[in-house]
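> I need the structure of the sequence given here:
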Amino acid sequence: PATAVANSDYYDLFGYVDTVNEFKGFNGKNVTLTRKVAQMNFTTAPEDLTAAATVDKTPTHSAVTIGGVPAQLSMLDGTLSDNTVNVAFEKAPLTGETNQLASVFFLCEEGVMDVTATLYIYKDADLVKEYGPISALPSQMNYRTNVKVEYKF
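Model (predicted):
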């Protein structure tokens, strides 16, 4: 239900809280704090961006949709729900790294799981490229998956 934000160092998976339970006194539970999070980065070749500039298609923003993401994380025992959701990261400004098109975080199981991704590239308000859905992208807890796309016209 949260608004996901891409390409930001200030927001990640734990930037949103759905409900807060108040505990008074000791309740006798052990809490396992784990960050069951995967990171996916989308990049392109620097020469692709140089060529895009010649046709006035230098990207300024991106958006990403990730499919097959576990819907919930239990902060008590670190388990993820079996049901999955699609997470639509809103359009966000690029970070300024020379060839990075997008970077997102999402819940991930221990071990490798398959997710799908769709990447949207914008020049200001105009959608100029759409990639995907890209299927069977490997993602693993506490790892980065780097996806290199051709940004050519």
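
> Now Val69: closest residue in space that isn't a chain neighbour?
Once its chain neighbours are removed from consideration, Val69 has its nearest residue in Phe106; the separation is 4.6 Å (C-beta to C-beta, 6 or more residues apart in numbering). All C-beta spots, glycine's among them, are computed from the backbone N, C-alpha and C.

> Relative to the helix or strand harbouring the one you found, what are the paired strands and their orientations?
Using DSSP states H and E, the secondary-structure element containing Phe106 is strand 100-107. The sheet places strand 100-107 alongside strand 37-43 (antiparallel), with pairing taken from DSSP bridges.

> in the strand it pairs with, what counts as buried?
By neighbour count with 16 or more other C-beta atoms under 10 Å, strand 37-43 contains the buried residues Val37, Ala38, Gln39, Met40, Phe42, Thr43.

> So what's the model's average confidence on it?
Strand 37-43 shows a mean pLDDT of 91 in the predicted model.

> Point out where the chain drops to low pLDDT.
Low-confidence segments of the chain, defined by pLDDT under 70: 1-18, 20, 23, 26-27, 29, 31-34.

> Work out which residue lies at the spatial centre of it.
The structure's the chain has its C-alpha centroid closest to Val104; by C-alpha atoms, centre = their mean the separation is 2.3 Å.

> pretty sure that one contacts Val37?
No. Under the criterion of C-beta atoms under 8 Å, Val104 makes no contact with Val37, lying 10.3 Å away.

> Just the C-alphas of the longest strand anywhere in the chain, formatted as CSV.
Taking residue count as the measure and DSSP state E as the definition, the longest strand of the chain comes out as strand 126-140. The C-alpha trace of strand 126-140 is given here as CSV (Å, rounded to 0.1, in the frame of the first residue of the first chain):
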residue,chain,number,x,y,z
ASP,A,126,7.6,12.2,-21.9
LEU,A,127,8.0,8.4,-21.9
VAL,A,128,10.8,7.6,-24.3
LYS,A,129,11.5,3.9,-23.7
GLU,A,130,9.9,0.9,-22.1
TYR,A,131,11.7,-2.3,-21.4
GLY,A,132,9.8,-5.4,-20.3
PRO,A,133,8.4,-7.2,-18.7
ILE,A,134,11.8,-8.8,-18.3
SER,A,135,11.2,-12.3,-16.9
ALA,A,136,13.1,-14.7,-14.7
LEU,A,137,15.4,-12.0,-13.2
PRO,A,138,17.4,-13.6,-10.4
SER,A,139,17.2,-11.8,-7.1
GLN,A,140,18.7,-12.9,-3.8
